[in-house]
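1. coordinates only, sequence not included:
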């Protein structure tokens, strides 16, 4: 019996189309007083986080499993990334709706990591701290150190001026890695880049060369993400040009956005991987290719049982963070000729693993795929959904067990 969706009282599973569950099951939460949620509007981040944990606990109970042992759970070798919570953090807002009463900030993200026995936090500094004074950064560093948490600082697109300002701040906060992106391109739509992708990549190469002395001065690594734009070959070329100060933030699901298979992508990058985004997608086929839709870890197509041991072998010192996908589905149009105009020629045999994945693991064509955000759900519902998916992701990683994801208690 599965439980999903709903509030206090009797929970109709068909009220939330983004939750996968049988349409005729109901669970009466009035059976036991411990099953009751707080009454009133759920729009405070702390209340929402509690509600998400509560609902996962009820699901585990009715399925006959345990969310947490009575003993202190082992510490996971993974962390949490702020971008798992685009609505909760206030990154994603509707013009006609207020955001959460109190957006998730860096301090609450650290608390989330401590509560779930995680090992690290990945976050931007701008927007997640009220200000960036030396005192605030020292407090952040002290809180992380006191909880034995590693910090990865997020940046945007590689820009010399922005990184010249950010890198010293990241070092003051105690980070050793700064994650950055190459572009704002999504869905592998590289053909849209003015002047061509290769020319753009040459410009990024020059920017990295200018930043390299600053990376050395602050003992930092710039970890470039495959943000639905870069291929494995692109990243390898940039790493070789940047020396030991440039590595990769490997988003494990984003290879699908450039028609590459995640395991092969990881094997190619090997020791260049300094940071990992643990993400999963469901695949919905379209006449043009497929949509990639956000889901909790273990509920999509990424082969984590094979991937995590591989990463432990080829990049044993990399930090790993749960970074669930955006609230917007990504449409990968790899069956359109125009899409391939942004890529060099590729042997069809290199694309076959992705085409097989599309064929073998595609969701039913008539299954609703929109996220709560795309269904125009109220902001508190979207926030609760983000936290529920995070809770399920942590639970999934614990269910894998083994030395690849757990440390001793």
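-> That came through fine. No experiment lies behind these values; they were computed from the predicted model shown.

2. any low-confidence regions in the chain?
-> Applying pLDDT under 70 to the chain picks out residues 1-72, 97-102, 402-404, 406-409.

3. in it, where's the longest strand?
-> Selection of the longest strand in the chain by residue count, based on DSSP state E, yields strand 150-157.

4. pull the residues that contact it.
-> 79, 81-83, 119-125, 140-141, 144, 162-163, 166, 169-170, 173-184, 223, 275, 319, 321 (Cβ atoms under 8 Å, 6 or more residues apart in numbering). (Each C-beta comes from the backbone N, C-alpha and C, glycine too.)

5. okay, buried residues for it please.
-> By neighbour count, and taking 16 or more other Cβ atoms under 10 Å as the criterion, the buried residues in strand 150-157 are 150-155.

6. before we move on, what about stretch 303-313?
-> Residues of stretch 303-313 classed as buried under the neighbour-count rule (16+ other Cβ under 10 Å) are 304, 307-308, 310-312.

7. returning to that earlier point: mind listing which of the contacts of strand 150-157 are in helices?
-> Judged by DSSP state H, helices contain the following of the contacts of strand 150-157: 140-141, 144, 162-163, 166, 169-170.

8. before we move on, the earlier item: just give me the closest of the buried residues of stretch 303-313 to residue 353.
-> Using Cβ to Cβ, residue 307 is the member of the buried residues of stretch 303-313 that sits closest to residue 353, with 13.7 Å.

9. wouldn't residue 149 be in contact with residue 79 here?
-> Yes. Residue 149 is in contact with residue 79 according to Cβ atoms under 8 Å; the separation is 7.3 Å.

10. the two: who's more crowded?
-> residue 79 (27 against 19; other Cβ atoms under 10 Å).

11. neighbouring strands - and their directions - for the strand or helix carrying residue 250?
-> In this structure, residue 250 sits in strand 246-251 according to DSSP states H and E. Strand partners for strand 246-251, identified by DSSP bridges, are recorded as strand 221-225 (parallel), strand 273-278 (parallel).

12. list the contacts of that strand.
-> Outside strand 246-251, the residues touching it (Cβ under 8 Å, 6+ apart) are 177, 179-180, 208, 212, 215, 221-227, 235, 238-239, 265-266, 269, 272-277, 279, 311, 315, 318, 323.

13. if we look at stretch 124-134, which residues are touching it?
-> Contacts of stretch 124-134 from elsewhere in the structure, counted by Cβ under 8 Å, 6+ apart, are 82, 89-91, 105-106, 109, 136-137, 140, 153-155, 166, 169-170, 172-173.

14. got the end-to-end distance for it?
-> Between the opening and closing residues of stretch 124-134 we find a distance of 16 Å, counting by Cα to Cα, to the nearest Å.

15. buried residues, it. List them.
-> Neighbour-count burial for stretch 124-134, with 16+ other Cβ under 10 Å as criterion, is recorded at 124-125, 128-129, 132.

16. was I right about residue 315 contacting residue 268?
-> No. Taking Cβ under 8 Å as the contact criterion, residue 315 and residue 268 are not neighbours in contact, 12.0 Å apart.

17. more crowded one of those two?
-> Relative neighbour count places residue 315 above the other of residue 315 and residue 268, with 22 against 16, counting by other Cβ under 10 Å.

18. how near is the more buried one to residue 223?
-> Taking Cβ to Cβ, to the nearest Å as the measure, residue 315 and residue 223 are separated by 11 Å.

19. and for residue 94?
-> 32 Å.

20. just residue 248 next, same as before
-> Summarising the geometry, the distance separating residue 248 from residue 223, computed by Cβ to Cβ, is 6 Å.

21. between the two, which contacts overlap?
-> Listed contacts common to residue 248 and residue 223 are 274-275; contacts here mean Cβ under 8 Å, 6+ apart.

22. which strand or helix spans residue 390?
-> Using DSSP H and E, residue 390 falls within helix 379-400.

23. looking at residue 248 and residue 223 now, which is surrounded by more residues?
-> Neighbours around residue 248 and residue 223, counted as other Cβ under 10 Å, are more numerous at residue 248. The numbers are 30 against 26.

24. who's the more buried one bridged to?
-> Under the criterion DSSP bridges, residue 248 forms beta bridges with residue 224, residue 273.

25. where's it relative to residue 217, distance?
-> 22 Å.

26. show me what the host helix or strand of residue 292 is packed up against.
-> Element membership for residue 292 (DSSP H and E) is strand 289-294. Here strand 289-294 is seen to pack against strand 281-286, strand 330-332 when contacts are counted using 3 or more Cβ pairs under 8 Å, 6 or more residues apart in numbering; DSSP states H and E.

27. angle of it against strand 281-286?
-> Orientation check (axes from the mean of the first three to the mean of the last three Cα atoms, to 10 degrees): strand 289-294 against strand 281-286 gives 150 degrees.

28. quick one, strand 289-294 and helix 379-400 angle?
-> For strand 289-294 against helix 379-400, the angle between stretch directions is 90 degrees (the same axes, to 10 degrees).

29. what residues does strand 289-294 touch?
-> For strand 289-294, the external contacting residues (Cβ under 8 Å, 6+ apart) are 253, 256-257, 281-284, 324-327, 329-336, 339, 358, 362, 369, 371, 389.

30. what pairs with that strand, parallel or antiparallel?
-> Using DSSP bridges, the strands paired with strand 289-294 in its sheet are strand 281-286 (antiparallel), strand 330-332 (antiparallel).

31. redo these as JSON lines? Include mean neighbour count and distance to residue 401.
-> As requested, the strands paired with strand 289-294 are exported to JSON lines (neighbours: other Cβ atoms under 10 Å; distance: least, Cβ to Cβ, whole Å):
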{"stretch": "strand 281-286", "mean neighbour count": "20", "distance to residue 401": "24"}
{"stretch": "strand 330-332", "mean neighbour count": "21", "distance to residue 401": "31"}
